[in-house]
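K.L.:
Kindly return the folded structure for what I paste below:
(chains A and B)
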Amino acid sequence: MTPIRTESPEKIKEPIAANAMANCVLHDDIMLCILARLPVKSILRFRSVCKPWCELFSTPHFVKMHHGQFSSDPKNQSFIICSKTAKFCTTASLLNIESNEKKPTIIDYPYPYINNRPKSIVGCYNGLICLNDCGITMWNPAMNLSKSIQLSNAYFGGFERVSLGFGYDAKGADFKVVRIVNFLEMSIAGVEVYSVNSDSWRTIEVDFQFRVLRTTCDVIVNGNPYWLAKSDHGEVLVCFDVTKLVFKIVSLSSLSLKEGGVTIG
Amino acid sequence: MVTTDEKGPLTAKKKSVIIRSCDGDEFLVSESAAVLSTSLKKILEEKEDRLIHLSDIDNKTLAMVIAYLSTHADDGLSDDLKRSFDQEFVSGKEFDVLKYLVLATDTLQVTCLCYTVAKKMADIMKNKLVEWVRREFDIQNDYTPEAEAEIRRLDAWAWDDRQLEDD
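P.N.:
Below is the predicted model:
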């Protein structure tokens, strides 16, 4: 596109033009807009650009903005793979489905065996991983940040099986951990939910009985954890709505489930 | 003497505005294209004057923004064509050019173009060295050498230097 009318050459040299464009400084909003579009790997490196950038990258506002940019694009979906080596060490790697890199990227796995038990993955959602051993740990592998969660003092009596679920309440922008305690027979001893935002546990009333099959939830869909479970109606899929804090039952009447024999995904 | 753009002579139906850059050059733009910029739309709603002077956008940058606005105002183009125009529009442009462009889109409030340019800038930046980033954005390194080494050590996996570029 060419201008329709050009001022005389003398006029172009006026100081206004030089002043206006000589110093191209992008203000914070624009910088934020650009930085939120960088991949995690670049953001980690650019923490060493200057202290304000390092601080910015840890703010909830930036994290949310960055996640909003990337979660919608399937190119940015990665798996985390934890594998156990012969020497009782666990390695973790990230594998991007669409990446040109054939090999997964090995990342630091900061958790050695505690009491000779590895941490197992309860669930992974929006880049945050919930790990379980004797306690519960939230781990952000990209930022290499983690937080241990204290178990509550709630005691539900002699129980047989504890199962954990992990979920994300998009409405409250809150990660949650669900702890289901089952008695040996088919009944619920108690259920409690931990909210990362409030950093506290609360007990949930459950108005029907079921017994979950595994020690962690089987799948997380739309932020809600699902368990395969047995109930009075046979085998069911139990969903915990982390926003409304209620359980829902999805009937699996047409399928025959045997403990340990079914995987859902 | 004001000439028209490629859309042919002015008609009563198709109003135009004149936009002047900080260099003093003037561009004739259809009103339907101009109003895609939230800032220009507001100015046009507030005053009768059909001449708008932008004191902080130069010729080269303004010409690019107007080309973008005119394409996006063209009802004859499909969304797919507009999308491929957007990709073409930012490809091959130098980082400096994109900086002025992103500033102009912010001043003119052309959100879609702002995001497209920001994405392109992020794509260029992502494999650059930290030193390159500091240079391009004129940022002072406020870390001590020890603190910088420590922060690099924390996330060693992100520092695969083989693919990093300094130009």
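K.L.:
In three-state terms, how would residue 147 be classified?
P.N.:
Picking chain A for this. Counting by DSSP: H, G, I helix; E, B strand; the rest coil, the backbone at A:K147 sits in strand.
K.L.:
um, chain B though
P.N.:
helix.
K.L.:
Give me the neighbour count for it.
P.N.:
If you count neighbours by other CB atoms under 10 Å in any protein chain shown, B:A147 ends up with 13. Bear in mind the C-beta positions are built from the backbone N, C-alpha and C, glycine included.
K.L.:
pLDDT wise, what is it at?
P.N.:
We have a pLDDT of 93 for B:A147.
K.L.:
contacting residues around it?
P.N.:
Listed by CB atoms under 8 Å, 6 or more residues apart in numbering or on different chains, B:A147 has no contact partners.
K.L.:
ok, so what distance separates it from A:S152?
P.N.:
Distance, B:A147 to A:S152, by CB to CB, to the nearest Å: 38 Å.
K.L.:
In contact with the spatially most central residue of chain B, which residues?
P.N.:
Geometric centre of chain B, nearest residue: B:L101, 2.9 Å, by CA atoms, centre = their mean. Counting by CB under 8 Å, 6+ apart, B:L101 touches B:T61, B:M64, B:V65, B:K93, B:L113, B:V117.
K.L.:
Now flag whichever of these is closest to A:F46.
P.N.:
Checking the contacts of B:L101 against A:F46 with CB to CB, the nearest one is B:V117 at 18.8 Å.
K.L.:
still on that earlier bit, what are the buried residues along the helix or strand containing the residue nearest to the centre of chain B?
P.N.:
Element membership of B:L101 [criterion: DSSP states H and E] is helix B:95-108. Under the neighbour-count criterion of 16 or more other CB atoms under 10 Å in any protein chain shown, helix B:95-108 has B:L98, B:K99, B:Y100, B:L101, B:V102, B:L103, B:A104, B:T105, B:D106, B:T107, B:L108 buried.
K.L.:
if you skip the residues just before and after it, what's nearest to the fifth one?
P.N.:
Nearest non-adjacent residue to B:V102, counting by CB to CB, 6 or more residues apart in numbering or on different chains: B:V117, 4.5 Å away.
K.L.:
for B:L28, which residues make a bridge with it?
P.N.:
B:L28 has these beta-bridge partners by DSSP bridges: B:I18.
K.L.:
For chain A, name the helix or strand with the lowest mean pLDDT.
P.N.:
Each helix and strand of chain A was given a mean pLDDT (mean pLDDT, DSSP states H and E); the minimum falls on helix A:15-22 at a mean of 34.
K.L.:
hmm, back to that, what's the following helix or strand after the helix holding B:L101?
P.N.:
Next element after helix B:95-108 (DSSP H and E): helix B:111-125.
K.L.:
Now do the buried residues in that following helix.
P.N.:
B:L113, B:C114, B:Y115, B:T116, B:V117, B:A118, B:K119, B:K120, B:M121, B:A122, B:I124, B:M125.
K.L.:
a markdown table for the residues you listed, including distance to A:V162 and pLDDT?
P.N.:
Conversion of the buried residues of helix B:111-125 to a markdown table gives the following (distance: CB to CB, whole Å; pLDDT from 0 to 100):
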| residue | distance to A:V162 | pLDDT |
| --- | --- | --- |
| B:L113 | 53 | 94 |
| B:C114 | 50 | 94 |
| B:Y115 | 46 | 93 |
| B:T116 | 50 | 93 |
| B:V117 | 52 | 95 |
| B:A118 | 46 | 94 |
| B:K119 | 45 | 93 |
| B:K120 | 50 | 95 |
| B:M121 | 49 | 96 |
| B:A122 | 44 | 94 |
| B:I124 | 50 | 94 |
| B:M125 | 46 | 94 |
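K.L.:
Can you tell me which of these is nearest A:K248?
P.N.:
When these are ranked by distance to A:K248 (CB to CB), B:Y115 comes first, at 37.9 Å.
K.L.:
burial count for the residue nearest to that closest one when sequence neighbours are not counted?
P.N.:
Nearest non-adjacent residue to B:Y115, counting by CB to CB, 6+ apart: A:C33, 7.2 Å away. For A:C33, the count of nearby residues is 23 (other CB under 10 Å).
K.L.:
Spit out the contact partners of A:A229.
P.N.:
By CB under 8 Å, 6+ apart, the contact list for A:A229 reads A:F210, A:R211, A:V212, A:L213, A:E235, A:V236, A:L237, A:V238.
K.L.:
any weak-confidence spans in the chain?
P.N.:
Reading this off chain A. A:1-24, A:70-119, A:142-144, A:155-159, A:252-265 (pLDDT under 70).
K.L.:
that answer is for a different chain, and I need it for chain B
P.N.:
Checking chain B against pLDDT under 70 turns up B:1-14, B:157, B:160-163.
K.L.:
ok, now which residue in it is the farthest from the centroid?
P.N.:
In chain B, by CA atoms, centre = their mean, B:E146 is the one farthest from centre (38.1 Å).
K.L.:
give the contact list for that one.
P.N.:
By CB under 8 Å, 6+ apart, B:E146 has no neighbours at all.
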